[in-house]
Structures are given as C-alpha cells and as structure tokens.
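[1] Can you look at this prediction? I've put the sequence above it.
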Amino acid sequence: MGACAAAALAALCAARARAAEAPPAAGLLLRLGVGPAFVYESWSPEGPNVGSTAYGFGPVVGVTLGAPVKPGLVVAGDLQLGGIINRTEIYLGTSYDLVDTLHFVDTLVALVDWIPPKHPRLHLGVGLGLAAVTDVDTNMGGAQTAYGVALPVQAGYERPISPRWAAGVGLRITAYRVFADEPPPPATSTGALFTLLVSFTRR
Amino acid sequence: MRWSPSANATAIAFAILIAGGCGPQAPPGTFVGESAHFRLFVDPALGATSLAWAQANGLAALETEWSDVETMLKMPDGKITYYWLTDDDVRAACGDSHEGACTWEQRLEIDSPALPNAHELTHAYMYLRKQRHPIPFLAEGMAESIACDGVPNYFVGVPWPGVVATEETSASMIQGGAFLRSLIRRFGIDAVLRYYDQGPERRDPALFAANFESFWGVALDDAWRQIDLTSSGTYLPTETKICPCSLPPLVPGGPPVDDRARVPYWRLPDAGGASLALTGMGGNTVQVLDCAGSEPPIEGEGVLARLDASVARRYVLRPLADVEIGAYVTDDCASVAPYTLGPGFFALDGLTIAVTRPPAGRPPVYVEVVTANSVTLRGGAQEICPSCAFDQGACQPSNVSVSLMGTTFVRLAPYASTLPGYPDVAQAELNLR
C-alpha cells in the first residue's frame, strides 16, 4: 500500500516536472489576473491654479490575449480595469478623503511579453496603449472620463498547475497620462498604477 | 436632499444587499390632482384637514411657487410628482432615517412634509433645466438660495476645500447656500446658472478651484472671504434667501386677502413718497424683507415704512391685518397722519419706523400714534408730545416709561449701521407694551 502511494506520488511529481519544463505551446495565450492596486496621480490644470495629487487603493482585474510570434516572445492585447475606492486628495498641503467616490483607471494596451530561455517560469513585458480614467461620484451619480496613453511594464512568475494552465503572480506598473477638457479648464493627469496580480494563464 | 439615478441605484442595492430590502419605500398618498407642472399626492396620515386644504389649495400653492421661481431659473415645462407626507413617511420614502425631505431626480418626485418645499422644488427645477449631477456643494447651495420665507441664515467659517470634498448634506446646504447666494447677488442669476451648468460633477477641491477661477476670473479664496463676514463664523440674522419677488404688490386700503397658497407674500408697492402702514394680524410680526436677502429685515407688530423706489425692492410676508398708505412718517410734525394702534395690536414687537437711509446723520422724523387703550412706551423715541409743540418745553423725553392714551406725537431718529455693506434703510422701534 505504502509502495503504491509512493509510486503514485513519484509519477505525479515526474509529470509536473515535465509540464514545468515543457516549452510553451504554439497556440493562443490567455491570462486572467486579479489583485490589489495602488495609484498615485498628479492633476495639473491649465492656467495659474495649482494642481493636486491623489492616491488610493482598490481592486484590479486584467485579461491578456496573445499569441507567440517566436519562441519565448508573446504579443498580446491586454485589458486592465482598476477601481480605486475613496481615494485621498492632497491639495495645498491638506489631505481630503473623497468618500463615496470611485476612480477607475482602465487600460487597453498592446503588450510584448518575453520569457527568458533560462528561466521559463518568468515573464517580462512592456506595452503601449490607451488609458481611460473615469471619476464617479457615487453619492450623486456624476461621472467624468479622461483619455490618454498608458505605458505598462510588468514582471511575473508562473508555475504550471496542469498541462495547459499555469498559476502565478505578477507586478505591473502602468504609467499613464490622460487629458480632460470638461469641466474647464483643460487639465492633465499623470499617474502610476501599481498592481499585484494573481494570474492564471492558459497556453 | 436630492437623489440622483445612481444614488438611487446605490441605495436600492444597499437595501437589497445589506438591509434585506428595507430601503426606500413607495410613499403612501391619495391622488389629489394634476396641474400644468405638478401631480399632487397627500399622505392619508396627515389627516382630513390637510387633505381638504390640499384639495382646495395644494396645486395652486405649487403653481404659484413655480411661476415665481421660473422668473429666475427659467426652467422648461415639466411634470413634478409631489408627495406631501408625514415626517415618518418622508423618512421611509427617502430611505434615510435622518432625511427631512428628498427629491428623486430621475423620476422628478419630491417627498416632503411641507407644501410647498422651496428647497426640494429648486432641486427638481434645476434637474429639469439640465440633467446633470453637480457636486452637493453646488446642488444643495442652489437649493438653499431661493425662497421667500424670511428665515435667517447662518454661515460657519470653515475652509471651503473640506466643504467641497464632503458628501455630507447639511454642510453643503449651509456653506453652499451662503456661497451661491453671494454669487447670485454679485453676478446675477443668469451668470450663476451658466456657471452651475458647467460646474464639476465630482468632489475635488483642486478641480473646483480651477473651474471656479476659470469661469469667473475671480480667486476662489476672495469669493469665499466675501461670505465669511465673521472671522470665526456665526449666525447672520440679517441674511435671508433670495426671493424672486415676482408676485403682485400689496394694494393699500384695507385688510389684504390672506391666501397662503396663492399669495404667500406681497411685493412692497411704490408708495410714491408717502408711507405705508402695515399692521400684523393677531399678534403676528410684520416682516418686510429684502428681495435680495442681504438687507436687514424690517420687523414689528406694526411697521410704518417710508421708502423711496431705490430701496423698495422688498416683500412682505403674510398674514397682515391691515395696509394703509398715507403721511404716517414725515419730516415735519404738522403734516403727519395718525396711526391707530388697533385692538389687535398686542405690542409684542413694537412699532417699527423705517425710512430710506438719509445721506448723512440721523434727521428726525415724526409719527402720530393714536390708541384707545393704555399702552406703555418704554423707549425708542427722542421725545413725545401731546401736540406738535416740540422744542417749546411742553414735551418729555422718552427715556423713561410713559403711558400713552389718546393721541401722542413722537419724534424719533431712525438709525442705520455704518458697518460696510449695511443697510439702505434706517430704522427706529417704539418699544410699546
């Protein structure tokens, strides 16, 4: 009985090891991620007025869909939706909690993900795309969106959990700049979104 | 308090998820009728008297309010559903145990224990004008700007960024009300409406300041200082909301018809250099208020007002027992007309004499008081005399209590504060008991 269990365990371990070391399949890559996010953002209006900074935490979800273009190199489209809850604004040296507000930082980018040949469980990526930042006042229902560009960089570690699926964690930093004309005056927001994602990848 | 579509949804979601469905409840109401701009329901719990009043007057009261405020806000036609409810049913309908009244903007419904409720109606009017969701500071402030109720306002001197950032209703009402009223007086309602229509829809102090200064070209700190009349913040008994003053003027010559629904106030008529004698009804104080809400009220159980056209943009709250026009306040004693303290004159608030502020000094004026009952004068006059023989040794100063009976001529010197911004009317009060 004990011998059988040991043999089965050994067989499972061997299978997992083979899966870990197997080269990525040549099909589509689908990565789903969820985790916490932290944003730090600077807002600058045109004209003589001083701007403000804001920070806050919230959840983020992401989905990446791509395909390998050569061994170890994946080109993907990536959608990430982050919602910062009740962020804090610092204006003229004083902090104000913006209770009952949501600050969505959403990005849609083209991403290049590279898997180092010697470290197949790692992946490093960089992207470029669009950012949409939406402020929602849940107290009154107002919502305003600003659009701009996003530049994410990411690093992740994944470990196979089945022949097709891998689980991992990833850190992504998305720099973005968005522009808004309404309400006047025109203004620019520049921010960095830090996300820590638990991911599941299907290859 | 207003509820926007998403706030509505949020409240309902909270009700379902957290309170097990104990959120806003459909208000109870007997359908009273429909007019051009309103559908009126009355809570059966208010009783038969209220229902009868509402059936006879409710829609008229609402339409009167609409027609008056429409001269300022110029809102388009629309249909507002108005529920006149008990306090308990208001709280249930608003879904908040602390709420005194509310407006559901998306369905243009008002739940209120008052009929009409100027604050909630202004919320609905503003939403009719433009379906936006300004921050509470602006929305509550606008709702606190227009009314003809004479209720004094107060202002708490706190920095504006915190008030702009808060979602708390009462702070927004108090500070935002003072701020919006100040803007309306300074720039006019049309400019303020243009500002409101482009204002921020999210609470963000930096954005608010930049938007304000971009629109007005005025530093927000300076504008805020204009309403912060005291360094520490206090009750400002001389400031009231802004009244459109579009309703008809008083017609002197007897007791005016008392109709709270159709005539909640009267504009002060141009007396053409004569004086108006306004007598309160049954001990009620006469209140003559500035339409702009910035001048001190003229109050007394009786008011004798000699105001020229430049300062007569005022209104009088109901009820009044009598309105007469004549030479009740004069610069010379010989031409003064008698004012009779009628039996209904309980002398709780005295007899107030108001004149257009003289260019300089405090020139004396004369009134002639006639009473069939003994009344004690406890001050307010310079001198009293049984005839017009002032300055001939036959009169007596009024710095002691004097019993009046029959005809008494009074010389007094109305006073106007010299504080900045203070008032265009000088007043004196005969303290009668």
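    On my side now, so go ahead.
[2] burial of whichever residue of chain A sits closest to chain B, as a residue count?
    Here chain A gets closest to chain B at one residue, A:Gly142, 2.8 Å apart by C-beta to the nearest C-beta. C-beta coordinates here come from the backbone N, C-alpha and C atoms, glycine included. For A:Gly142, the count of nearby residues is 22 (other C-beta atoms under 10 Å in any protein chain shown).
[3] B:Pro269 now?
    Residues contacting B:Pro269 under the criterion other C-beta under 10 Å number 16.
[4] before we move on, what about the one 3 residues further on?
    Neighbour count of B:Gly272, defined by other C-beta under 10 Å: 8.
[5] repeat for B:Glu295
    Using other C-beta under 10 Å, B:Glu295 has 21 other residues around it.
[6] what's the spacing between stretch B:218-225 and its chain's center?
    With C-alpha atoms, centre = their mean, to the nearest Å as the basis, the distance from the averaged C-alpha position of stretch B:218-225 to the chain average is 25 Å.
[7] does that stretch come close to chain A?
    No: using C-beta under 8 Å from any C-beta of the partner chain, stretch B:218-225 stays clear of chain A, coming no nearer than 9.0 Å.
[8] and that stretch, which residues are buried?
    Of the residues in stretch B:218-225, those with enough neighbours to count as buried (16 or more other C-beta atoms under 10 Å in any protein chain shown) are B:220, B:223-224.
[9] Of those residues, which is the nearest to chain A?
    Ranking these by separation from chain A, with C-beta to the nearest C-beta as the measure, puts B:Leu220 on top at 9.0 Å.
[10] OK, contacts around that closest one?
    Contacts were defined as C-beta atoms under 8 Å, 6 or more residues apart in numbering or on different chains; by that measure B:Leu220 touches B:160, B:208-209, B:212-213.
[11] Likewise for B:Leu193?
    The neighbourhood of B:Leu193, defined by C-beta under 8 Å, 6+ apart, consists of B:73-74, B:129.
[12] For chain B, name the helix or strand with the lowest mean pLDDT.
    In chain B, the helix or strand scored least confidently by mean pLDDT, DSSP states H and E is helix B:5-17, which has a mean of 42.
[13] circling back: and the contacts of B:Leu193, which are buried?
    B:73, B:129.
[14] Show me the shaky parts of the chain.
    Picked chain A for this. Across chain A, the stretches falling below the confidence threshold (pLDDT under 70) are A:1-26.
[15] not quite, I wanted chain B
    Per-residue confidence for chain B (pLDDT under 70) gives these ranges: B:1-23, B:155-157, B:228-238, B:343-349, B:398-399, B:418-422.
[16] burial count for the residue nearest to A:Val69 when sequence neighbours are not counted?
    Closest residue in space to A:Val69, ignoring its immediate chain neighbours: A:Val75 at 5.2 Å, by C-beta to C-beta, 6 or more residues apart in numbering or on different chains. A:Val75: 15 surrounding residues under other C-beta under 10 Å.
[17] Repeat that for the one 10 residues further on.
    Burial of A:Ile85 is recorded as 15 neighbouring residues (other C-beta under 10 Å).
[18] give me every residue that touches it.
    Residues in contact with A:Ile85, defined by C-beta under 8 Å, 6+ apart, are A:56-58, A:101-103.
[19] at 6 Å instead, please
    Residues near A:Ile85 by C-beta atoms under 6 Å, 6 or more residues apart in numbering or on different chains: A:Gly58.
[20] Likewise for B:Pro338?
    Here B:Pro338 is in contact with B:368, B:370 (criterion: C-beta under 6 Å, 6+ apart).
[21] quick one: it from B:Gly58, how far?
    Between B:Pro338 and B:Gly58 the distance, using C-beta to C-beta, to the nearest Å, works out to 42 Å.
[22] Let me know the distance separating B:Tyr83 from B:Val42.
    Per C-beta to C-beta, B:Tyr83 is found 8 Å from B:Val42.
[23] And the furthest pair within the contacts of B:Leu220?
    Comparing every pair within the contacts of B:Leu220 by C-beta to C-beta identifies B:Trp160 and B:Glu213 as the most remote, at 12.4 Å.
[24] burial count for B:His197?
    Rather than His, residue B:197 is Asp. Per other C-beta under 10 Å, the neighbour tally for B:Asp197 reads 13.
[25] So which other helices or strands are in contact with the top helix by length along chain B?
    Looking across chain B with DSSP state H, the single longest helix is helix B:169-187. Here helix B:169-187 touches helix B:136-143, helix B:220-227, going by 3 or more C-beta pairs under 6 Å, 6 or more residues apart in numbering or on different chains; DSSP states H and E.
[26] What residues sit buried inside that helix?
    Buried residues in helix B:169-187, counted by 16+ other C-beta under 10 Å: B:169, B:171-185, B:187.
[27] now swap in stretch A:161-168 and tell me
    Residues of stretch A:161-168 classed as buried: A:166, A:168 (neighbour count, 16+ other C-beta under 10 Å).
[28] Show me the strands in chain A, by range?
    In chain A, the segments counted as strands under DSSP state E are A:29-45, A:52-70, A:73-85, A:88-91, A:94-97, A:101-114, A:122-137, A:143-160, A:165-180, A:187-202.
[29] give me the beta-bridge partners of the nearest residue to A:Thr145 once chain neighbours are set aside?
    Nearest residue to A:Thr145 in three dimensions, chain neighbours excluded: A:Thr134, at 4.3 Å (C-beta to C-beta, 6+ apart). Applying DSSP bridges to A:Thr134 yields these beta-bridge partners: A:Phe104, A:Thr145.
[30] Which residues are in contact with A:Thr134?
    When the contact criterion is C-beta under 6 Å, 6+ apart, the partners of A:Thr134 are A:104, A:143, A:145.
[31] show me where the stretch 101-250 of chain B has helices.
    If DSSP state H, counting those that start in this stretch is used as the criterion, the helices of the stretch 101-250 of chain B fall at B:118-129, B:136-143, B:160-165, B:169-187, B:189-198, B:205-216, B:220-227.
[32] any idea of the angle the last one forms with helix B:205-216?
    Pointing back at helix B:220-227 there. Using axes from the mean of the first three to the mean of the last three C-alpha atoms, to 10 degrees, the direction of helix B:220-227 lies 80 degrees away from that of helix B:205-216.
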